[in-house]
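Novice: Structure of the sequence below:
(one chain, ligands or ions: 1)
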Amino acid sequence: MDYPSRSSVIIIGAGISGISAAKILAENGVDDVVLLEASDRIGGRMRKEQFGGVSVELGAGWISGVGGPQPNPIWELAADSGIRTCFSDYSNARFNIYDRSGKIFPSGIASDTYQKAVDSAIQTLKVEEKYCDEENHNNGDSDSVQIETTSTLKTPIELAIDFMLHDFEMAEVEPISTYVDFGEKEFMIADERGYDYLLYKMAQDFLFTSEGTILDTRLKLNKVVRELQHSRNGVMVRTEDGCVYEANYVILSVSIGVLQSDLLAFDPPLPRWKLEAIEKCDVMVYTKIFLKFPYKFWQSGPGKEFFIYAHERRGYYTFWQHMGNAYPGSNILVVTLTNEESKRVEAQSDEETLREAMAVLRDIFGPNIPDAIDILVPRWWNNRFQRGSYSNFPIIPNLEHFHNIKAPVDRIFFTGEHTSERFNGYVHGGYLSGIDTSKALLEEMRKDKERKSESQTLLLEPLLALTGSLPLPQPETVSNMHKCDIPTQLYLRGQLGIPEAIL
Ligand SMILES: Cc1cc2nc3c(=O)[nH]c(=O)nc-3n(C[C@H](O)[C@H](O)[C@H](O)COP(=O)(O)OP(=O)(O)OC[C@H]3O[C@@H](n4cnc5c(N)ncnc54)[C@H](O)[C@@H]3O)c2cc1C
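Specialist: As a prediction, the model looks like this:
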């Protein structure tokens, strides 16, 4: 099919938010849309890879928030697609905390320490809430304070529990909308087709596909956008390979990490309020390291899926999971690192990481365990199309920053998990943000059309009056003419065949 060189909408990024945005546009009759994706596949941070004979999820791995008062839309999509999942029971993880000599902390100590950490975090949260209420009440411009519990935590077990509570966003402490609305259960994707299969299923509804491959020319892979020239009249997008695309509107779905980097240049530059909001948003780095073993040497069975390593350095190979529940007999362990530990490991060789991980496992299980035969270390921080794993707003965010992060600039509309006020950081946040952004854009397109036809009428009325077929314009109509804003006048010129002033 041939599409005009200037399309209605360009969507930059084909992760879940870009795909859900495109689907809403298509359902509403806007199908001259071009999707520009920097990598060679759709999915973004939903990404599977073959490792150790099974399909592992390097990015999002769980449907978080299930079993609550409202249905999680991703849970529904997964059910429709028949994706296999398995329930993750984190509640027992606190009873599998190992010290450096391989002894499990007695359950009484583990429970008490856990409760102490929860109480202290809740206390900190209350203080923070009060502070933020006062700030918001005073229209204060100060940043929300982050919970700072770690400074008072000293022992390895306290640090390990703190890591579990905060870096895994456990629902016990924080009123996270995902768990409040959708429920506290988490289900891990355990399907060879991968989490991103949901995106292919969604894309099939509006893109031409054959035998599971998207062949539609509106999806353009390996197109790294580097420049956006924008005005109130449209947007011109330039890619790294020198191609230029024009559209009436752009939906920009790149991650917050990419927005903070220098990958994209905006001409004119983004306004200060936008840059500030982007800068203020924290980026979380979350790394799942996969290790394949010749045989299983860890405990399995009920309550044993997760185990914790308590080290004096917070977050040092703390959180472990075996993949036997998802893939029995796979003999794969996963250890999760975050933030500074993630960045440190990304910067070193995989051999060095393997050496560190094996030393930790030998602390826990003794010197006779076998070496891992393979390792997979994703590098989300160093990936220039991601620059991190997901956005991390303070628990009680500054609402103005939230508003500004998603507010459009000229004809550029922003979407992605970081623009989801309630569900940022999650797959469902990305999905719902794409839908919201497209709905806002459709509304803007409708208004734009109305403005155009009003302006056309205003222009035609005096001409027709001169020919005698209509009465002369009333003073009110004339004064309306002066109310026309600049873009409307430019459209008018476009209608009369005068080249558009901008773009
Ligand atoms: C390790 C990890 C674990 C996670 N775990 C979970 C989990 O268990 N559960 C959960 O719900 N969520 C999880 N998440 C978060 C979830 O993956 C994201 O919130 C969601 O996938 C984001 O979707 P998105 O469309 O907003 O962004 P993305 O998926 O990042 O899509 C943006 C797209 O833009 C493209 N792009 C970037 N720059 C350019 C450019 N210049 N030109 C063109 N294209 C560009 C990227 O390649 C990408 O495809 C995890 C994320 C990570 C990384």
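Novice: use CA for all of it now, contacts and neighbours both
Specialist: Noted.
Novice: where does this structure have low pLDDT?
Specialist: In the prediction, the chain carries residues with pLDDT under 70 at positions 1-4, 128-153, 169-174, 395-396, 459-503.
Novice: can you pull the contacts of the residue nearest the centre of it?
Specialist: Central residue of the chain (CA atoms, centre = their mean): Glu417, 3.4 Å from the mean position. Glu417 makes contact with 17, 255, 390-391, 423-431, 433, according to CA atoms under 8 Å, 6 or more residues apart in numbering.
Novice: Just the buried residues of the residues you listed.
Specialist: Among these, the ones that count as buried by 16 or more other CA atoms under 10 Å are 17, 255, 390-391, 423-431, 433.
Novice: Up against the ligand, what does the stretch 201-350 of the chain have?
Specialist: Within the stretch 201-350 of the chain, the positions adjacent to the ligand are 223-226, 253-255, 286-287 by CA under 6 Å from any ligand atom.
Novice: give me that answer again for 5 Å
Specialist: For the stretch 201-350 of the chain, the residues in contact with the ligand (CA under 5 Å from any ligand atom) are 224-225, 254, 286.
Novice: Over to the stretch 1-150 of the chain?
Specialist: 13-17, 37-38, 44-45, 59-62.
Novice: gap between the residue lying closest to Asp191 once chain neighbours are set aside and Ile189?
Specialist: Residue nearest to Asp191 in three dimensions, not counting chain neighbours: Arg84, with 5.1 Å by CA to CA, 6 or more residues apart in numbering. Arg84 is 6 Å from Ile189, where distance means CA to CA, to the nearest Å.
Novice: Can you pull the domain assignment for this protein?
Specialist: The chain breaks down into these domains under the TED database: 1-61+188-280+392-449, 91-108+152-158+286-379.
Novice: so who does Arg218 touch?
Specialist: With contact set as CA under 8 Å, 6+ apart, Arg218 has these partners: 32-35, 207.
Novice: repeat that for 7 Å
Specialist: 33-35 (CA atoms under 7 Å, 6 or more residues apart in numbering).
Novice: From those residues, which land in strands?
Specialist: Among these, the members found in strands (DSSP state E) are 33-35.
Novice: Angles on the backbone of the closest residue to Phe423 other than its chain neighbours, please.
Specialist: Spatial nearest neighbour of Phe423, chain neighbours left out: Gly429 (4.4 Å); criterion: CA to CA, 6+ apart. The phi and psi values for Gly429, taken as degrees, to the nearest 10, are phi -60, psi -40.
Novice: ok, now which ones touch Gly429?
Specialist: Applying CA under 7 Å, 6+ apart, we find Gly429 in contact with 417, 420, 423.
Novice: so where do the strands sit in the stretch 151-300 of the chain?
Specialist: Along the stretch 151-300 of the chain, the stretches classed as strands by DSSP state E, counting those that start in this stretch are 185-189, 209-210, 213-214, 219-220, 225-231, 234-239, 244-252, 265-267, 282-284, 286-292.
Novice: hang on, the earlier thing: ok, Arg84 and Ile189, which is more surrounded?
Specialist: Ile189 (23 against 17; other CA atoms under 10 Å).
Novice: Can you give me the distance of the more buried one to the ligand?
Specialist: To the ligand, Ile189 is 9 Å away according to CA to the nearest ligand atom, to the nearest Å.
Novice: what residues are up against that residue?
Specialist: Ile189 makes contact with 61-62, 84-86, 195, according to CA under 7 Å, 6+ apart.
Novice: Ok, Gly430 next?
Specialist: So Gly430 contacts 16-17, 416-417 (CA under 7 Å, 6+ apart).
Novice: one more time with 8 Å
Specialist: For Gly430, the contact set (CA under 8 Å, 6+ apart) comprises 16-17, 415-418, 420, 424.
Novice: Tell me how far it lies from the ligand.
Specialist: Taking CA to the nearest ligand atom as the measure, Gly430 falls 4 Å from the ligand.
Novice: quick one: the one helix or strand that residue maps to to chain centroid distance?
Specialist: Using DSSP states H and E, Gly430 maps to helix 427-466. Computed by CA atoms, centre = their mean, to the nearest Å, the separation of helix 427-466 from the middle of its chain amounts to 28 Å.
Novice: what does stretch 188-198 give?
Specialist: In terms of CA atoms, centre = their mean, the centre of stretch 188-198 is set 17 Å apart from its chain centre.
Novice: Export only the CA atoms of that stretch, formatted as PDB.
Specialist: Output of stretch 188-198 as PDB, limited to C-alpha atoms (Å, rounded to 0.1, in the frame of the first residue of the first chain):
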ATOM      1  CA  MET A 188       6.300 -15.200  36.000                       C
ATOM      2  CA  ILE A 189       6.200 -15.700  32.200                       C
ATOM      3  CA  ALA A 190       7.100 -19.300  31.600                       C
ATOM      4  CA  ASP A 191       6.500 -19.600  27.900                       C
ATOM      5  CA  GLU A 192       9.000 -20.400  25.100                       C
ATOM      6  CA  ARG A 193       7.200 -17.800  22.900                       C
ATOM      7  CA  GLY A 194       8.300 -15.100  25.400                       C
ATOM      8  CA  TYR A 195       6.500 -12.100  27.000                       C
ATOM      9  CA  ASP A 196       6.800 -10.100  23.800                       C
ATOM     10  CA  TYR A 197       4.500 -12.600  22.100                       C
ATOM     11  CA  LEU A 198       1.700 -10.400  23.600                       C
END
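Novice: With distance to Gly67 as added columns, please give the domains of the chain in a markdown table.
Specialist: Formatted as a markdown table, the domains of the chain follow (distance: least, CA to CA, whole Å):
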| stretch | distance to Gly67 |
| --- | --- |
| domain 1-61+188-280+392-449 | 14 |
| domain 91-108+152-158+286-379 | 16 |
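Novice: Of all those, which one is nearest Pro73?
Specialist: Nearest to Pro73 among the domains of the chain is domain 1-61+188-280+392-449 (6.7 Å), distances taken as CA to CA.
Novice: hang on, Ser111 in a helix?
Specialist: Yes - with DSSP: H, G, I helix; E, B strand; the rest coil as the criterion, Ser111 is part of a helix.
Novice: Wait, it touches Ala93, no?
Specialist: No - using CA atoms under 8 Å, Ser111 is not in contact with Ala93; the gap is 10.8 Å.
Novice: Neighbour count for the two, which is higher?
Specialist: Taking Ser111 and Ala93 together and counting by other CA under 10 Å, Ala93 has the greater number of neighbours (20 against 14).
Novice: pretty sure that one is touching Phe306, no?
Specialist: Yes - the criterion here is CA under 8 Å, and Ala93 meets it with Phe306 at 5.3 Å.
Novice: which residues sit in contact with the closest residue to Ala265 other than its chain neighbours?
Specialist: Of all residues not flanking Ala265 in the chain, Glu227 sits nearest, at 4.7 Å (CA to CA, 6+ apart). Glu227 sits next to 237-239, 264-267 when contact means CA under 8 Å, 6+ apart.
Novice: Sort out which one of those residues lies nearest Glu158 for me.
Specialist: Glu158 has its nearest neighbour among those in Leu264, at 41.6 Å by CA to CA.
Novice: how far away is the nearest residue to that closest one once chain neighbours are set aside from Pro69?
Specialist: Leaving aside its chain neighbours, Leu264 sits nearest to Arg226 (4.7 Å; criterion: CA to CA, 6+ apart). From Arg226 over to Pro69 the distance is 43 Å, taken as CA to CA.
Novice: residue boundaries of the strands in the stretch 1-150 of the chain?
Specialist: Ranges of strands in the stretch 1-150 of the chain, per DSSP E, counting those that start in this stretch, are 6-12, 33-36, 48-51, 54-57, 62-66, 85-88, 97-98.
Novice: Which secondary structure elements does the third one sit against?
Specialist: Secondary-structure packing of strand 48-51 (3 or more CA pairs under 8 Å, 6 or more residues apart in numbering; DSSP states H and E): strand 54-57.
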